[in-house]
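Novice: Everything below, folded, please.
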Amino acid sequence: MLILQALQREPVHGHAIARVIRNRSADVLTVETGSLYPALHRLERQKWVRSEWKLTESKQRAKYYQLTAVGKKQLTADHQRWLQLVRAISAVMEPEVQP
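Specialist: Below you'll find the predicted structure:
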(Lines give C-alpha, C1' and ligand atoms only; values in the text may rest on other atoms or scores of the structure.)
Protein backbone atom coordinates (compact mmCIF):
# COMPACT_ATOMS: atom_id res chain seq x y z
CA MET A 1 0.00 0.00 0.00
CA LEU A 2 2.84 2.40 0.81
CA ILE A 3 4.52 1.79 -2.54
CA LEU A 4 1.27 2.34 -4.42
CA GLN A 5 0.68 5.55 -2.46
CA ALA A 6 4.22 6.74 -3.27
CA LEU A 7 3.37 6.35 -6.97
CA GLN A 8 0.09 8.27 -6.69
CA ARG A 9 1.44 11.58 -8.03
CA GLU A 10 3.86 10.65 -10.79
CA PRO A 11 6.10 7.88 -12.14
CA VAL A 12 9.33 7.57 -10.14
CA HIS A 13 12.31 5.24 -9.90
CA GLY A 14 12.85 2.81 -7.03
CA HIS A 15 15.24 4.95 -5.03
CA ALA A 16 12.74 7.82 -5.15
CA ILE A 17 9.94 5.53 -3.93
CA ALA A 18 11.99 4.63 -0.86
CA ARG A 19 12.81 8.32 -0.31
CA VAL A 20 9.12 9.35 -0.56
CA ILE A 21 8.12 6.76 2.06
CA ARG A 22 10.97 7.77 4.36
CA ASN A 23 10.31 11.50 3.99
CA ARG A 24 6.52 11.32 4.37
CA SER A 25 6.91 9.19 7.50
CA ALA A 26 9.44 11.61 9.05
CA ASP A 27 12.14 8.91 8.85
CA VAL A 28 10.06 6.39 10.83
CA LEU A 29 9.54 4.01 7.90
CA THR A 30 12.40 2.86 5.71
CA VAL A 31 12.24 0.51 2.76
CA GLU A 32 15.35 -1.52 2.06
CA THR A 33 16.23 -2.23 -1.57
CA GLY A 34 16.18 -5.96 -0.78
CA SER A 35 12.46 -5.61 -0.03
CA LEU A 36 11.53 -2.82 -2.43
CA TYR A 37 12.46 -4.35 -5.77
CA PRO A 38 10.89 -7.77 -5.16
CA ALA A 39 7.73 -5.92 -4.06
CA LEU A 40 7.79 -3.78 -7.22
CA HIS A 41 8.16 -6.88 -9.39
CA ARG A 42 5.23 -8.49 -7.58
CA LEU A 43 3.12 -5.34 -8.13
CA GLU A 44 4.03 -5.45 -11.84
CA ARG A 45 2.94 -9.09 -12.12
CA GLN A 46 -0.38 -8.12 -10.52
CA LYS A 47 -0.70 -5.28 -13.08
CA TRP A 48 -0.92 -2.68 -10.28
CA VAL A 49 2.16 -0.87 -11.60
CA ARG A 50 3.96 -0.71 -14.92
CA SER A 51 7.52 0.30 -15.61
CA GLU A 52 9.71 1.72 -18.29
CA TRP A 53 13.37 2.62 -18.60
CA LYS A 54 14.13 6.36 -18.65
CA LEU A 55 17.03 8.68 -17.97
CA THR A 56 17.20 10.32 -14.56
CA GLU A 57 17.99 13.99 -14.03
CA SER A 58 21.66 12.96 -13.76
CA LYS A 59 21.43 11.13 -17.12
CA GLN A 60 21.56 7.66 -15.59
CA ARG A 61 19.30 4.93 -16.87
CA ALA A 62 16.68 3.86 -14.31
CA LYS A 63 13.41 1.96 -14.30
CA TYR A 64 10.48 4.27 -13.55
CA TYR A 65 7.31 2.83 -12.03
CA GLN A 66 3.81 4.13 -12.60
CA LEU A 67 0.51 3.31 -10.92
CA THR A 68 -2.03 1.71 -13.27
CA ALA A 69 -5.82 2.13 -13.18
CA VAL A 70 -6.07 -1.32 -11.57
CA GLY A 71 -3.42 -0.23 -9.06
CA LYS A 72 -5.43 2.89 -8.19
CA LYS A 73 -8.48 0.73 -7.47
CA GLN A 74 -6.34 -1.57 -5.34
CA LEU A 75 -4.88 1.38 -3.43
CA THR A 76 -8.39 2.67 -2.68
CA ALA A 77 -9.49 -0.76 -1.43
CA ASP A 78 -6.33 -1.22 0.65
CA HIS A 79 -6.72 2.25 2.13
CA GLN A 80 -10.32 1.52 3.16
CA ARG A 81 -9.26 -1.76 4.81
CA TRP A 82 -6.41 0.05 6.57
CA LEU A 83 -8.79 2.73 7.93
CA GLN A 84 -11.11 -0.02 9.20
CA LEU A 85 -8.18 -1.74 10.90
CA VAL A 86 -7.01 1.52 12.52
CA ARG A 87 -10.52 2.16 13.88
CA ALA A 88 -10.75 -1.39 15.24
CA ILE A 89 -7.34 -1.24 16.93
CA SER A 90 -8.11 2.20 18.36
CA ALA A 91 -11.37 0.91 19.81
CA VAL A 92 -9.52 -1.91 21.56
CA MET A 93 -6.64 0.26 22.76
CA GLU A 94 -8.67 3.22 24.09
CA PRO A 95 -9.64 2.91 27.72
CA GLU A 96 -13.31 2.31 28.28
CA VAL A 97 -15.30 5.30 29.43
CA GLN A 98 -17.00 4.55 32.75
CA PRO A 99 -20.45 6.14 33.32
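
Novice: what packs against the strand or helix carrying R87?
Specialist: According to DSSP states H and E, R87 maps onto helix 69-93. Helix 69-93 is packed against helix 2-6, with contacts defined by 3 or more CB pairs under 8 Å, 6 or more residues apart in numbering; DSSP states H and E. Yep, even glycine has a C-beta here, placed from its N, CA and C like the rest.

Novice: what is the mean pLDDT for the helix it packs on?
Specialist: What helix 2-6 shows for mean pLDDT is 97.

Novice: Check stretch 68-88 too.
Specialist: Mean predicted lDDT for stretch 68-88 stands at 97.

Novice: buried ones in it?
Specialist: Residues T68, G71, Q74, L75 are the ones in stretch 68-88 that count as buried (16 or more other CB atoms under 10 Å).

Novice: now swap in stretch 29-41 and tell me
Specialist: Using 16+ other CB under 10 Å as the test for burial, stretch 29-41 gives V31, L36, L40.

Novice: Rebuild the residues you listed as CSV, extending it with secondary structure and distance to P95.
Specialist: Listed next are these as CSV, based on DSSP: H, G, I helix; E, B strand; the rest coil; distance: CB to CB, whole Å:
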residue, secondary structure, distance to P95
V31, coil, 34
L36, helix, 38
L40, helix, 41
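
Novice: out of those residues, who's nearest S90?
Specialist: The closest of the buried residues of stretch 29-41 to S90 turns out to be V31 (CB to CB; 25.5 Å).
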